[in-house]
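[1] how does the following fold in three dimensions:
(chains A, B, C and D, ligands or ions: 4)
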Number of protein chains: 2
Amino acid sequence: MRQETIENYLKTIYNLSSNNTAVVNNQKIADRLSLNPATVTEGLRKLHELKYIVYEKSYGSRLTASGSKLALDIVRRHRIWETYLAKELGFGWDEVHAIAEELEHVNNVKLINKLASILGNPIYDPHGDPIPDEKGKIQKSNFIKLSEAKVKFYYKVMGVTDHSTTFLKYLEKHNLIIGASINIKTIEDFDNSIVLICQKKEVNISPKAAECIIVQSI
Amino acid sequence: MRQETIENYLKTIYNLSSNNTAVVNNQKIADRLSLNPATVTEGLRKLHELKYIVYEKSYGSRLTASGSKLALDIVRRHRIWETYLAKELGFGWDEVHAIAEELEHVNNVKLINKLASILGNPIYDPHGDPIPDEKGKIQKSNFIKLSEAKVKFYYKVMGVTDHSTTFLKYLEKHNLIIGASINIKTIEDFDNSIVLICQKKEVNISPKAAECIIVQSI
DNA sequence: ATTATCTTTTTGGCATACCAAAATTAATAA
DNA sequence: TTATTAATTTTGGTATGCCAAAAAGATAAT
Ligand SMILES: [Mn+2]
Ligand SMILES: [Mn+2]
Ligand SMILES: [Mn+2]
Ligand SMILES: [Mn+2]
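    Ligands and ions are numbered 1, 2, ... in the order given. All right, here's what the predicted structure looks like:
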């Protein structure tokens, strides 16, 4: 199996398994990688052979220790590059993901560690996602989705789970960027849409958008 | 044909054709890319189909206008990355080539131009090779090989044509780095080896090494 | 419990990138 | 010019990554 193929599968399985706890089903992998389900079945069988995952037919996949190691390594590369592109090379948080998708496959430990060191060994990338350290260790956090926030409480925006340009541009428009402080004014009973205050302005957030915004109580 | 495959062929043909003048034969391409000659024949046929090269059977290849454009683009990416790795990220001139071989395939104009701009749009890479500008234009120079240098004359080291770590480390040991001033003391009639003065020390250069050092008369 | 509806797997096939060995063609030396 | 050698091409074949359609399995709904 080509290294790039392996890396794309493992990264995807990692990202879909939320901290490597849940078992991942084939369809989600197929969607994420824009592959035919038949292709995914084959791919998973091979990854099982290679001992990167434990794959149970018609049930799902989870990463083994070695698969997890490789997955965390590529997630690290991806997020370090995103941060470097944003902080050092002047790219927007909506632009970095696409470029990092290519750069992440360049495997050179010294290079990534050098970039990390220039950045001051950051713990979060431009979307608020945690960056594993060289050993694959991730800072654990008590973040919640905005959709789980409570009325009257104050929060800080810590990240996003949707990296699309349209979504990120939409957030920017309302100043909902990483680090922004917000206050939940009301949550509509009718449709669960949220009205919050950000930089003294009222913003109405749909339930769908609230699912994609990560916050921390302050 | 995969983009990476195309790029590797075109880059190689460009590098072997010395400024795109000479016709390149298959064997050299096979050597450079570590491919079987049979594979190269196939590859060249496809590149001809794609109109990137003109390929005459049993004779050789040369780049078309569009092939030349792509080749210069990837040569630019390679050399900008080499320069960025050396100047901004602290890698040695013997380390940058291997990493740039991977980075060169990341195709993002804005990224390369940003790196170039940070570097002050350099004209030469760490090995003294010229960097094409965004339009593919290359500064022309009057450099010669050290093997063509004349006794008693003064020269400045401008580049190398061998990028191997062993060779570059050897040069470093004798202070024969880019920019170094040298004076040709003698050229042995017997074996054409060169004795030169560099930083007040005598250095003996084999004809083979002299072929790989590029200098300019000063 | 039995459909109906997803999801996954199997099957058969296609395209790309390779290589080894044999056959051909070109270049060189005798 | 005719061997001899070297370079190139042809041929037959492997491995990988992918897909469409059909078959099988699992889940959910009645
Ligand atoms: Mn990303
Ligand atoms: Mn990210
Ligand atoms: Mn190089
Ligand atoms: Mn170089």
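[2] select the longest helix from chain A.
    As assigned by DSSP state H, the longest helix anywhere in chain A is helix A:65-87.
[3] helices or strands next to that helix in the packing?
    Under the contact criterion of 3 or more Cβ pairs under 8 Å, 6 or more residues apart in numbering or on different chains; DSSP states H and E, helix A:65-87 touches helix A:3-16, helix A:96-103, helix A:109-118. The C-beta positions use only the backbone N, C-alpha and C, and glycine is treated the same way.
[4] list the buried ones in the second one?
    Same thing as helix A:96-103. Neighbour-count burial for helix A:96-103, counted by 16 or more other Cβ atoms under 10 Å in any protein chain shown, picks out A:96, A:97, A:99, A:100, A:102, A:103.
[5] so how far is it from its chain's centroid?
    13 Å (Cα atoms, centre = their mean, to the nearest Å).
[6] wait, does it contact DNA strand D?
    No. For a cut-off given as Cβ under 7 Å from any atom of the strand, helix A:96-103 has no contacts with DNA strand D; the smallest distance is 13.5 Å.
[7] swap in the longest one?
    Yes. For helix A:3-16 and DNA strand D, the contact criterion (Cβ under 7 Å from any atom of the strand) is met by residue A:5.
[8] what mean pLDDT does stretch A:122-138 get?
    Mean pLDDT, computed over stretch A:122-138, is 97.
[9] what comes into contact with it?
    For stretch A:122-138, the external contacting residues (Cβ atoms under 8 Å, 6 or more residues apart in numbering or on different chains) are A:68-69, A:72-73, A:75-76, A:79-80, A:82-83, A:86-87, A:93, A:96-97, A:109, A:113, A:116, A:121, A:139, A:141, A:143, A:157-160, A:163, A:178, A:214.
[10] with the buried residues of helix A:96-103 in mind, which one is nearest to residue B:64?
    residue A:102 (26.7 Å; Cβ to Cβ).
[11] ok, now how distant is the nearest residue to the closest one once chain neighbours are set aside from residue A:73?
    Closest residue in space to residue A:102, ignoring its immediate chain neighbours: residue B:106 at 4.5 Å, by Cβ to Cβ, 6 or more residues apart in numbering or on different chains. In this structure, residue B:106 and residue A:73 are 18 Å apart, going by Cβ to Cβ, to the nearest Å.
[12] the more surrounded of the two?
    residue A:73 (21 against 18; other Cβ atoms under 10 Å in any protein chain shown).
[13] quick one, which of the contacts of stretch A:122-138 are buried?
    Of those, these count as buried by 16+ other Cβ under 10 Å: A:68, A:72-73, A:75-76, A:79-80, A:82-83, A:86-87, A:93, A:96-97, A:116, A:143, A:157-160, A:163, A:178, A:214.
[14] please report the distance of residue A:38 from ligand 2.
    Distance, residue A:38 to ligand 2, by Cβ to the ion, to the nearest Å: 30 Å.
[15] so which strand or helix has that residue?
    Using DSSP states H and E, residue A:38 falls within helix A:37-49.
[16] rewinding a little: show me the one of the helices and strands packed on helix A:65-87 that comes nearest ligand 4.
    Proximity to ligand 4 (Cβ to the ion) singles out helix A:109-118 among the helices and strands packed on helix A:65-87, at 16.8 Å.
[17] so what touches the closest one?
    Contacts of helix A:109-118 (Cβ under 8 Å, 6+ apart): A:76-77, A:80-81, A:84, A:88, A:122, A:131, A:134, B:85, B:89-91, B:99.
[18] could you turn the buried ones of the residues you listed into a ChimeraX selection?
    In ChimeraX syntax, the buried subset of the contacts of helix A:109-118 is picked out as below (16+ other Cβ under 10 Å):
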select /A:76,77,80,81,84,122,131 /B:85,89,91,99
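[19] okay if I get the contacts of helix A:109-118 as CSV plus distance to ligand 4?
    What follows is the contacts of helix A:109-118, written out as CSV (distance: Cβ to the ion, whole Å):
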residue, distance to ligand 4
A:76, 28
A:77, 24
A:80, 25
A:81, 23
A:84, 23
A:88, 23
A:122, 31
A:131, 31
A:134, 29
B:85, 10
B:89, 15
B:90, 17
B:91, 12
B:99, 11
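[20] if we can go back for a sec, mean confidence for the longest helix of chain A?
    98.
[21] using PDB, write out every CA atom in that helix.
    Output of helix A:65-87 as PDB, limited to C-alpha atoms (Å, rounded to 0.1, in the frame of the first residue of the first chain):
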ATOM      1  CA  ALA A  65      -1.200   1.000  18.900                       C
ATOM      2  CA  SER A  66       1.000   1.300  15.800                       C
ATOM      3  CA  GLY A  67      -1.900   2.700  13.700                       C
ATOM      4  CA  SER A  68      -2.600   5.200  16.400                       C
ATOM      5  CA  LYS A  69       1.000   6.200  16.500                       C
ATOM      6  CA  LEU A  70       1.100   6.900  12.800                       C
ATOM      7  CA  ALA A  71      -2.200   8.600  12.800                       C
ATOM      8  CA  LEU A  72      -1.100  11.000  15.600                       C
ATOM      9  CA  ASP A  73       2.100  11.700  13.700                       C
ATOM     10  CA  ILE A  74       0.300  12.800  10.600                       C
ATOM     11  CA  VAL A  75      -2.300  14.700  12.600                       C
ATOM     12  CA  ARG A  76       0.700  16.500  14.200                       C
ATOM     13  CA  ARG A  77       2.200  17.300  10.800                       C
ATOM     14  CA  HIS A  78      -1.100  18.600   9.400                       C
ATOM     15  CA  ARG A  79      -1.800  20.900  12.400                       C
ATOM     16  CA  ILE A  80       1.800  22.200  12.700                       C
ATOM     17  CA  TRP A  81       1.800  23.100   9.000                       C
ATOM     18  CA  GLU A  82      -1.700  24.800   9.400                       C
ATOM     19  CA  THR A  83      -0.300  26.800  12.200                       C
ATOM     20  CA  TYR A  84       2.900  27.700  10.400                       C
ATOM     21  CA  LEU A  85       1.000  28.700   7.300                       C
ATOM     22  CA  ALA A  86      -1.300  30.900   9.300                       C
ATOM     23  CA  LYS A  87       1.200  32.400  11.800                       C
END
